[in-house]
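> Here is my input; please provide its structure:
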Amino acid sequence: MTRLYDEFGFDTVDNSPLSESWRTEPGQPAWHAHEHQTRSELIDNLARARKRSARAQE
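The predicted structure is shown next:
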């Protein structure tokens, strides 16, 4: 699927598997910069994400 998006001119970043989707949730670095980040910045922000405990999310 990412190849198709690339053909349309969009930069893609694979954030698989679904169990890693917490990296883009509110409060994570990728979330705060989601409107104005380059592909390389998104990759860095995904790597900088830290999983919060269920108690901290309440």
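> Now do the SS call for the closest residue to T38 other than its chain neighbours.
In space, not counting the residues next to it along the chain, T38 is nearest to D11; the distance is 7.6 Å by C-beta to C-beta, 6 or more residues apart in numbering. All C-beta spots, glycine's among them, are computed from the backbone N, C-alpha and C. Secondary structure assignment for D11 (DSSP: H, G, I helix; E, B strand; the rest coil): coil.
> What is the neighbour count of D11?
Here the number of neighbours of D11 (other C-beta atoms under 10 Å) works out to 11.
> what residue lies at the spatial centre of this structure?
Compute the mean C-alpha point of the chain, and by C-alpha atoms, centre = their mean the closest residue is T24, 4.2 Å away.
> Helices of this structure, residue ranges please.
For the chain, applying DSSP state H gives helices covering 2-7, 29-32, 39-48, 54-57.
> what's near enough to touch D14?
With contacts defined as C-beta atoms under 8 Å, 6 or more residues apart in numbering, D14 is in contact with T2.
> okay, and for this structure, where does confidence drop off?
For the chain, residues meeting the criterion pLDDT under 70 lie at 54-58.
> related to what we said a few turns ago, state the distance from the nearest residue to the residue nearest to the centre of the chain once chain neighbours are set aside to L46.
Once flanking residues are discounted, T24 sits nearest to A30: 4.9 Å by C-beta to C-beta, 6+ apart. With distances defined as C-beta to C-beta, to the nearest Å, the gap from A30 to L46 amounts to 5 Å.
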